[in-house]
Structure formats: C-alpha cells, structure tokens
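Fold the following.
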Amino acid sequence: MLPALFVTRFAPSPTGRLHRGHALSALTAWQAARRAGGRFLLRIEDIDAQRCRPAFETAMLEDLAWLGLDWETPVRRQSEHLDDYALALDRLRRRGVLYRCFRTRREILEDIGRAPHGAAPVLPSRPSPEEEALGLAEGRPFAWRLSVQDAGLALGGFEGLAFLETGSGPDGEWGLQTFRPSLGGDVILARKDLGVSYHLAVVVDDAAQGVTHVIRGQDLFAATHTQRLLQAVLNLPTPVYGHHPLLLRADGKRFAKRDSAETLDDIRRRGVTAAALRAELGF
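Residues are numbered from 1 along each chain as shown. Predicted structure coming up:
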C-alpha cells in the first residue's frame, strides 16, 4: 500500500480545557485532510507530567467529538514514547550540537533586562570547559541547549536549509522560507524536571507518524525554524507547513488557557450547537 500523500495532525496538550482557538486550529487541519483525501491524526502532547492531567485529555476527546471531528486510532501520547526522545537527544549529543547550560531562567531574564535599550541582549552561550567542570563538580542543575552555531558546523552551513510555507506567517511569509537562526536561538531541548522539550518531541513525533503537512497557528511560525534545524541534524523528513492567523478576543488578545478563555464546554453549556460554533469559525 502506498503511503498517503497528505497526513496532518492536531496535537493539544492536556493542561486545561479547549477553547475557540483550539477549535479553529483543529477544524482547519481536519478540513484540510478531508479535502485532500488524506489522513487526520490526533496526538496528545503530555510530556509535562506536572501540568498534564488525564481528566483534561478525556475532556479534549469529548470536545473534539462534539465538534464533529474524527481521527485515526490509536492516538499517540508523548508520555508513551519517552525512549524515542531520549534516543534523539543522545544522537544530538553525539553530534556535538548540545551543551550544558547552568544558568537559571531568572539569571537569563535579568541579563536580558540589563541590556541597553536597542541593543541585542546577552543570550545563553556554551560554557567554557572550566565552567562546565565546576558546575558538574558542584552538582548544579543544568539544561541541555541546542547550539545553533555548532549545528551549522555539523551540517556544513545553513545553505539549502528551508521549509515550504503554504499558509501565512505573522508577517505575511509565504512560499519557500530559508532558515533564520535568530528566530530560534539556543533553545532548551531537555532539563531534569521535564526530560525533553516540545521542539525535540514534535519533530520525532511528526517523523514517526509520517506527517506530511503541519497546520497550526501563526504563534508557532518562529518555532518552525528551530524544528527545521533539528530535522536536518537528525536526518528527519521535513513536512510542508501551513500557519493560520490566530483567533483573537474582543480585546485583541489571542485565546489562551491561562487567561481563563471561555472553553468549549462553557459554550456547549450555554446551549450553542456544534454547527453554530463551526459556522461562527467559518466552517
């Protein structure tokens, strides 16, 4: 059997209830798969054990089914594939593109705040061998960061590193997008309390699931550059990307769980039908 030419996914994190913004993204990907005669996958991104809850996952499945979506089973859960991410992290270490960062989030934010107005802030950099040895000897916690510079050296440069944007980036980006190192920087890929970061897990998952098209909000456009670099270093396939505009609230802010945005469950309890909500969102 030949592989499907169009495979996309919706990948929420069970850290709260879904809201209109999630519904827009899920419906956009689901409709694209149906129109292309392709496959629609659901993935649960639950690597953050401190914030993810089984009850939220159950509620997500109920909300998506209420919207009228269907998806292939079994559903991939990141918490069941931690060994896959550990192997990928080890490959990156062996390629020499990771470094230990002993600086805390607070220290980094303080340095950024001290940067003169208009000047580029001092961002994390690879510690010297002496600093690294001292940090390890003192037992200080550290995070594994991706070195964009060393990744470029491992690849022989960034020439030819690109991805296809079929939607619209936040500044109207469309078509072939060349890799921009400044959009990602030396991101954290793993730390003791999390194990592995979103960036690494998502490229491993997309490759494992044969995802050919990633459809998601414009807030993740910059992340695509980091993920494209990881795909190159890990020799993973690169999907076609399509970013869509974010759904904004009346005050101009995007819908977010942390802002207690009205949830799909709230909407349903108000008596709004799934058909009415789909129509409101343009479906």
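
Chain neighbours aside, what residue packs nearest to His22?
Take His22 and drop its neighbours on the chain: the residue closest to it by CB to CB, 6 or more residues apart in numbering is Pro12, 6.1 Å away. Where C-beta positions appear, they are placed from N, C-alpha and C, glycine not excepted.

how near is the one you found to Glu45?
7 Å (CB to CB, to the nearest Å).

So for the two, which residues contact both of them?
Counting by CB atoms under 8 Å, 6 or more residues apart in numbering, Pro12 and Glu45 have no common neighbour.

Pull the distance from the longest helix anywhere in the chain to the chain's centre.
Counting by DSSP state H, the longest helix found in the chain is helix 20-36. Helix 20-36 has its C-alpha centroid displaced from the chain centroid by 17 Å (CA atoms, centre = their mean, to the nearest Å).

Lowest mean pLDDT among the helices and strands, pick that one out for the protein.
The weakest-scoring helix or strand in the chain, judged by mean pLDDT, DSSP states H and E, is helix 105-114 (a mean of 58).

same question for the helix or strand following it, mean pLDDT?
With elements assigned by DSSP states H and E, the helix or strand that comes after helix 105-114 is helix 129-137. For helix 129-137, mean pLDDT is 91.

same thing with stretch 246-256?
Mean per-residue pLDDT for stretch 246-256: 72.

Please apply the same query to stretch 15-28.
Here stretch 15-28 scores 95 as its mean pLDDT.

cool, and stretch 165-177?
On average, the pLDDT along stretch 165-177 is 96.

What are the contacting residues of it?
For stretch 165-177, the external contacting residues (CB under 8 Å, 6+ apart) are 162-164, 213, 215, 218-219, 221, 224-225, 240-245.

now, which of these lie within helices?
221, 224-225.

can I get those residues in TSV with neighbour count, pLDDT and distance to Phe179?
TSV is the format used below for the ones in helices among the contacts of stretch 165-177 (neighbours: other CB atoms under 10 Å; pLDDT from 0 to 100; distance: CB to CB, whole Å):
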residue	neighbour count	pLDDT	distance to Phe179
Phe221	20	96	13
Thr224	24	97	9
His225	21	97	6
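
from the residues you listed, which single one is nearest Phe40?
Proximity of these to Phe40 (CB to CB) peaks at Thr224, which lies at 20.3 Å.

Nearest residue to that closest one in space, please, no chain neighbours.
Nearest residue to Thr224, sequence neighbours excluded (CB to CB, 6+ apart): Tyr241, at 5.5 Å.

what about that neighbour, how many neighbours?
22 (other CB atoms under 10 Å).

That one touches Ala223, doesn't it?
No. With contacts counted by CB atoms under 8 Å, Tyr241 stays clear of Ala223, the gap being 10.2 Å.

those helices in the chain, which residues are they?
Under DSSP H, the chain gives helices at 20-36, 54-67, 82-94, 105-114, 129-137, 148-155, 198-208, 221-234, 264-269, 274-280.

Tabulate the ones you listed (TSV), appending distance to Arg249.
Converted to TSV, the helices of the chain look like this (distance: least, CB to CB, whole Å):
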stretch	distance to Arg249
helix 20-36	9
helix 54-67	19
helix 82-94	34
helix 105-114	27
helix 129-137	43
helix 148-155	34
helix 198-208	24
helix 221-234	20
helix 264-269	14
helix 274-280	14
